[in-house]
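Engineer: prediction below, plus the sequence it came from.
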There are 2 protein chains.
Amino acid sequence: MRTPYEDELSEFEHALIGMTRQVNTAMQDATTALLTADLQLAERVIANDQHIDQVNAELEDSAMNLIALQAPVASDLRMVLSGLRIAGSLERMGDLATHVAKAARLRYPQSAIPAELAPTITAMGEVAERIVERTGEVLGHHDVVAAADLRVIDDEMDRLHRELFHQVLSDQWSHGVEAAIDVTLVSRYYERFADHAVTIGKRVVHIATGAPYDSTHR
Amino acid sequence: MRTPYEDELSEFEHALIGMTRQVNTAMQDATTALLTADLQLAERVIANDQHIDQVNAELEDSAMNLIALQAPVASDLRMVLSGLRIAGSLERMGDLATHVAKAARLRYPQSAIPAELAPTITAMGEVAERIVERTGEVLGHHDVVAAADLRVIDDEMDRLHRELFHQVLSDQWSHGVEAAIDVTLVSRYYERFADHAVTIGKRVVHIATGAPYDSTHR
């Protein structure tokens, strides 16, 4: 039988996993809004971000209570402290989905993405979905091996990010400077989104093994 | 007389303030490297980022020890937990300085910044300096009033960010798409740098007053 303390720890972790789902929905909807110039959907993503922020704030309160009342030590304490940082990364991933939605809103009723780039953005949305789903699994099972997969998926995102640059900088680019900037910033939001997933993976490794957290960026 | 516990808490805070100084130096040097196409200086900023990462990692260990051995409660515990998130923001500010330095390195021996934009970038560097210095003061004195100043300085950064966009998108722009993208990304690094300072200010308000942390972005 589980103690109330274990229940609280487990709830804390479940809230993190719940955040990965919220963030996933936000980025998927933002991608759809961007590609189809769907203003209503973009507005919904932007409005819903407060729910993600809310969970982040609640997790901070939970951590305070857990630490004050249960005095976790060693690996449990590390989990709670790292969990707070993971919540911060997820909150930021929600912000990045919001930025994509805002890019969609800014150019409405046009699409911010020229038609020939839609396949690359679609692929970035798919990679975002894969990496955040995997992040949820990594968090759920403290799976150190799966954490390494996050880097592989991130490499795919980086490749797409470079591909977009390449398209924007090619001689065939006919959409001018403003569209180039839109595409570049949007592409960077996806790339940062995936970076945060990698950061979460590194934190899970830190939780599971106690090895020093590696905060270097490649 | 102060207890060892108070000394530890105070050391924890001093380490955060020390990070503001490291981050300030990094961004100032990165700005100089960018404006003068100084490769050696850019490389130094990039190499030194590991020291900022190191302090961030040490602060996590300190927090673990403080909590496990001293069992802080209420406002002290809130300070330690928020302090960890503040360290995360400062670490990210160091990364952003590194990104500016990498932009300088990428275009060496050219400057990534067309000459007519140098005054705006110079101003962004100065605003970055002001906001991070003020952040150090806010942290040092838990100064809730000064925390509000950070928003005012951030508004100035946002104004410069918009000004750069305006210049890049004007009919007079003659440097092509690649330079436009360089300028846009660099400008965003400064803007995010200032955003993190505002976030830290909000956390200090949270530490000082216990009011819920406001994670919304304007």
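Structural biologist: Cool, the structure landed. Numbers count the residues shown, from 1 in each chain, chains lettered A, B, ... in the order given.
Engineer: now for the helix or strand containing A:Ala101, which elements pack on it?
Structural biologist: When elements are assigned from DSSP states H and E, A:Ala101 belongs to helix A:74-107. Other helices and strands packing on helix A:74-107, by 3 or more Cβ pairs under 8 Å, 6 or more residues apart in numbering or on different chains; DSSP states H and E, are helix A:4-36, helix A:39-65, helix A:176-209, helix B:39-65, helix B:74-107. For glycine as for every other residue, the C-beta is placed from the backbone atoms N, C-alpha and C.
Engineer: let me have those in TSV, extended by distance to B:Phe165.
Structural biologist: Conversion of the helices and strands packed on helix A:74-107 to TSV gives the following (distance: least, Cβ to Cβ, whole Å):
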stretch	distance to B:Phe165
helix A:4-36	19
helix A:39-65	20
helix A:176-209	8
helix B:39-65	24
helix B:74-107	17
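Engineer: and the helix holding A:Ala101, what's buried?
Structural biologist: Neighbour-count burial for helix A:74-107 flags A:76-105 (criterion: 16 or more other Cβ atoms under 10 Å in any protein chain shown).
Engineer: ok, stretch A:139-153 next?
Structural biologist: For stretch A:139-153, the neighbour count (16+ other Cβ under 10 Å) marks A:Leu139, A:His142, A:Asp143, A:Val144, A:Ala146, A:Ala147, A:Asp149, A:Leu150, A:Ile153 as buried.
Engineer: angles on the backbone of the second one, please.
Structural biologist: Pointing back at A:His142 there. Backbone geometry at A:His142, expressed as degrees, to the nearest 10, gives phi 50, psi 50.
Engineer: go on, the third one?
Structural biologist: With angles defined as degrees, to the nearest 10, A:Asp143 shows backbone torsions of phi -90, psi 100.
Engineer: got a list of contacts for stretch A:202-218?
Structural biologist: Under the contact criterion Cβ atoms under 8 Å, 6 or more residues apart in numbering or on different chains, stretch A:202-218 has outside partners A:75, A:78-79, A:82-83, A:85-86, A:89, A:138-139, A:142-144, A:147, A:195, A:199, B:50, B:53, B:56-57, B:60, B:91, B:95, B:98.
Engineer: mind redoing it with 6 Å?
Structural biologist: Contacts of stretch A:202-218 with the rest of the structure, by Cβ atoms under 6 Å, 6 or more residues apart in numbering or on different chains, involve A:Arg78, A:Met79, A:Ser82, A:Ile86, A:Val138, A:His142, A:Val144, A:Ala147, B:Asp53, B:Ala57.
Engineer: now for these: which two are most distant?
Structural biologist: Greatest spatial distance in the contacts of stretch A:202-218: A:His142 and B:Asp53, 23.5 Å, computed using Cβ to Cβ.
Engineer: count the residues that sit near the residue nearest to A:Asp195 when sequence neighbours are not counted.
Structural biologist: Spatially, and ignoring its direct neighbours in sequence, A:Asp195 is nearest to A:Asp154 (6.7 Å; Cβ to Cβ, 6 or more residues apart in numbering or on different chains). Here the neighbour count serves as a burial measure; for A:Asp154 (other Cβ atoms under 10 Å in any protein chain shown) it reads 22.
Engineer: could you check how far the residue positioned nearest the centre of chain A is from A:Asp76?
Structural biologist: What sits nearest the mean C-alpha location of chain A, by Cα atoms, centre = their mean, is A:Met93, with 3.5 Å. From A:Met93 across to A:Asp76, the span is 25 Å (Cβ to Cβ, to the nearest Å).
Engineer: so what's the spatially closest residue to A:Leu34 that is not a sequence neighbour up against?
Structural biologist: In space, not counting the residues next to it along the chain, A:Leu34 is nearest to A:Ala104; the distance is 4.3 Å by Cβ to Cβ, 6+ apart. For A:Ala104, the residues meeting the contact criterion (Cβ under 6 Å, 6+ apart) are A:Ala33, A:Leu34, A:Ala42.
Engineer: go again with 10 Å.
Structural biologist: A:29-39, A:41-43, A:45-46, A:110-113, A:182, A:186 (Cβ atoms under 10 Å, 6 or more residues apart in numbering or on different chains).
Engineer: only whichever of those residues are buried, select them in PyMOL.
Structural biologist: Remark: buried members of those, expressed as a PyMOL selection using 16+ other Cβ under 10 Å:
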select buried, chain A and resi 29+30+31+32+33+34+35+37+38+41+42+43+45+46+111+112+113+182+186
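Engineer: in chain A, where is pLDDT below threshold?
Structural biologist: Low-confidence segments of chain A (pLDDT under 70): A:1, A:214-218.
Engineer: let's go with 50 and repeat that
Structural biologist: Within chain A, the segments meeting pLDDT under 50 span A:218.
Engineer: sorry, back to before: who are the packing partners of the helix or strand harbouring the residue nearest to A:Asp195?
Structural biologist: Applying DSSP H and E as the criterion places A:Asp154 in helix A:144-169. The contact analysis (3 or more Cβ pairs under 10 Å, 6 or more residues apart in numbering or on different chains; DSSP states H and E) places helix A:144-169 against helix A:118-141, helix A:176-209, helix B:176-209.
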